[in-house]
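1. 3D model of this:
(chains A and B)
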2 protein chains.
Amino acid sequence: MKMEAFTVENVPLIRAGDDIAAIICENAQLMDNDIIIIASTIVAKAEGRMFRLEDIVPGDEAGRIAHEHQTDPRFVQAVLDRSRDVLVEWPIFLVETKHGHVCIKAGIDASNVDSGFLADLPEDPDLSAANIGKRMEEITGRKISVIITDTNGRAFKIGQTGVAVGLYRIHPIRNWKGKKDLFGNILQITEESIADEIAGAANLLMGEGDGGYPVVVLRGLEMRSDDPASVKEMYRESGQDIIRKGLRSLNHP
Amino acid sequence: MKMEAFTVENVPLIRAGDDIAAIICENAQLMDNDIIIIASTIVAKAEGRMFRLEDIVPGDEAGRIAHEHQTDPRFVQAVLDRSRDVLVEWPIFLVETKHGHVCIKAGIDASNVDSGFLADLPEDPDLSAANIGKRMEEITGRKISVIITDTNGRAFKIGQTGVAVGLYRIHPIRNWKGKKDLFGNILQITEESIADEIAGAANLLMGEGDGGYPVVVLRGLEMRSDDPASVKEMYRESGQDIIRKGLRSLNHP
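-> The predicted structure is shown next:
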């Protein structure tokens, strides 16, 4: 088995209203079953989801949390506005976004955006992925998948990895349930998070800095699904999550 | 930028004493800067790190934890023997191995091994990676890197991903500290866990079942380091880990 991944060259700085799908199709020759991985920042920019701190009026909770972090209360208010749950206030500010994604600072990004502006995650990343994916399929006549990515930390280890935050035509989990191993035993590991593995693979090429490439094409895996897919399929129900329970007990001992 | 990854074909079932390095070099044409990703199971097999439940005498702690999980106390004893800390006893059995890797059940694997046997993680996975890597470099004259992988779950999301548990000639973290973004601002995201991203990418091709491929070659990334590297560079110090603190407060409220 074999796969290859390459960056899409000549993607310009994206501005509100830009047609990301058309830009990708102009600069890459897509094929059936290609998986197009797109950094959330450019999706936010194209959708005009940029905002300025100076337009935000922080409330009391934002003031209290900002004081703990020695940071701007308007930034904290922006995070709270985009969250449905605060898992940890301090020493990290870990929230669950309204879309269900658990991350630091609600995924608000100050990198690779104009000075004074911040970039949101897309409001409904699955919908954004579907919009871009369907348009690429119209333009090219190819059947493709899309993964919108962000970069997240993780438990127990330093460093961030690329993760999927929105999907089109690819399920986040590959299910090995009931499959047998080399010796005919039922497998212990039954759910593989292919969407996050693909997001991480793409992140190796994307880079973070001023040489960054916001779009990567992964070719060679046959993982496209004909039925609708959502990144939410891999979000653990909060009642079943022992780590969330542990964090909650810190906030409310 | 471009990379490709392919499985090494014709890797036989590995037995104790087998020379994994020679087997890989016979079945793949390695090049400078290739990263060779190897599933920990075959490393354990080659090193003879298989064991049988029937040889284990469980103690009281193992009996108590096994009762909670309705599982075999000998298996729990095997996990305890390989761990220096139990982070969660129930509903998951999450430990820190003696090597510093946080995972379920100390990474003991009952898949793809002979019936009645279990496979350990390598005792010192960095050393195992170095042994295999140096031997491949001797055989081929190429300068390569090695990543030994396992499959782990993660917080907040269902599904497992490939992760690095041992390294040779590649640092686990790519540091973007001080680098600037497209607009000249200092980057927020500064540490990228390339080793886990590579392990995840390889896992897309390895598969888990009876069609599994235990060795993948990743080509096109220039990430080899000339100085020694260790997977421990990415293990967070336990005192700095808020999630570990939360889990501890559950065990000792």
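
2. Next, count neighbours for residue A:131.
-> 19 (other Cβ atoms under 10 Å in any protein chain shown). (Each C-beta comes from the backbone N, C-alpha and C, glycine too.)

3. Buried residues, the longest helix seen in chain A. List them.
-> Longest helix in chain A, counting residues (DSSP state H): helix A:125-140. Judged by neighbour count (16 or more other Cβ atoms under 10 Å in any protein chain shown), helix A:125-140 contains these buried residues: A:125, A:126, A:128, A:129, A:130, A:131, A:132, A:133, A:135, A:136, A:137, A:140.

4. Export those residues to CSV and append columns for distance to residue A:62 and pLDDT.
-> Below are these laid out as CSV (distance: Cβ to Cβ, whole Å; pLDDT from 0 to 100):
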residue, distance to residue A:62, pLDDT
A:125, 24, 95
A:126, 28, 97
A:128, 27, 97
A:129, 30, 98
A:130, 33, 98
A:131, 32, 98
A:132, 33, 98
A:133, 36, 98
A:135, 37, 98
A:136, 39, 98
A:137, 42, 98
A:140, 45, 98
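
5. which stretches of chain A form helices?
-> Under DSSP H, chain A gives helices at A:20-27, A:40-46, A:60-69, A:73-81, A:125-140, A:194-206, A:242-251.

6. what is the orientation angle of the longest one with helix A:20-27?
-> Spelled out, that is helix A:125-140. Interaxial angle, helix A:125-140 versus helix A:20-27 (axes from the mean of the first three to the mean of the last three Cα atoms, to 10 degrees): 40 degrees.

7. Output the set of residues of the stretch 1-150 of chain A in proximity to chain B.
-> Contacts of the stretch 1-150 of chain A with chain B, taken as Cβ under 8 Å from any Cβ of the partner chain, map to A:1-7, A:13, A:88, A:91-92, A:94, A:102, A:109-115.

8. from those residues, which would you call buried?
-> A:3, A:5, A:6, A:7, A:88, A:94, A:102, A:109, A:110, A:111, A:112, A:113.

9. doesn't residue A:201 make contact with the second one?
-> Translated: residue A:5. Yes: assessed by Cβ atoms under 8 Å, residue A:5 is found in contact with residue A:201 at 6.1 Å.

10. From the recorded domain assignment, give the ranges for chain A.
-> Segmentation of chain A into domains, based on automatic domain parsing, reads A:1-49+A:122-244, A:50-120.

11. related to what we said a few turns ago, lowest-confidence member of the buried ones among the residues of the stretch 1-150 of chain A next to chain B, which is it?
-> Within these, residue A:112 has the lowest pLDDT, namely 69.

12. and of the helices of chain A, who's closest to residue B:81?
-> helix A:242-251 (23.3 Å; Cβ to Cβ).

13. Quickly check: the closest one near chain B or not.
-> Yes: taking Cβ under 8 Å from any Cβ as the criterion, helix A:242-251 and chain B are in contact, through A:242, A:243, A:244, A:245, A:246, A:247, A:248, A:249, A:250.

14. pLDDT wise, what is residue A:251 at?
-> We have a pLDDT of 67 for residue A:251.

15. How many neighbouring residues does the closest residue to residue A:97 other than its chain neighbours have?
-> Nearest non-adjacent residue to residue A:97, counting by Cβ to Cβ, 6 or more residues apart in numbering or on different chains: residue A:106, 5.2 Å away. Using other Cβ under 10 Å, residue A:106 has 24 neighbouring residues.

16. which residues sit in contact with residue A:106?
-> A:78, A:79, A:82, A:83, A:95, A:97, A:120, A:121 (Cβ atoms under 8 Å, 6 or more residues apart in numbering or on different chains).

17. mind listing which of these are in strands?
-> A:83, A:95, A:97 (DSSP state E).

18. these two touch, right, the first one and residue A:99?
-> Okay, so that is residue A:83. No: counting by Cβ under 8 Å, residue A:83 does not reach residue A:99; the two are 10.1 Å apart.

19. circling back to that earlier point, mind listing the shared neighbours of residue A:5 and residue A:201?
-> residue A:218.

20. I'd like to know how far residue A:99 sits from chain B.
-> Residue A:99 is 13 Å from chain B, where distance means Cβ to the nearest Cβ, to the nearest Å.

21. oh, I was asking about residue A:42
-> 10 Å.

22. Hmm, residue A:220 is touching residue A:6, no?
-> No: with contact defined as Cβ under 8 Å, residue A:220 does not reach residue A:6; the gap is 11.3 Å.

23. tell me, how many neighbours does the closest residue to residue A:20 other than its chain neighbours end up with?
-> Nearest-residue entry for residue A:20: residue A:46, 5.0 Å, with adjacent residues in sequence omitted and distances by Cβ to Cβ, 6+ apart. Each residue near residue A:46 was counted by other Cβ under 10 Å, and the total is 22.
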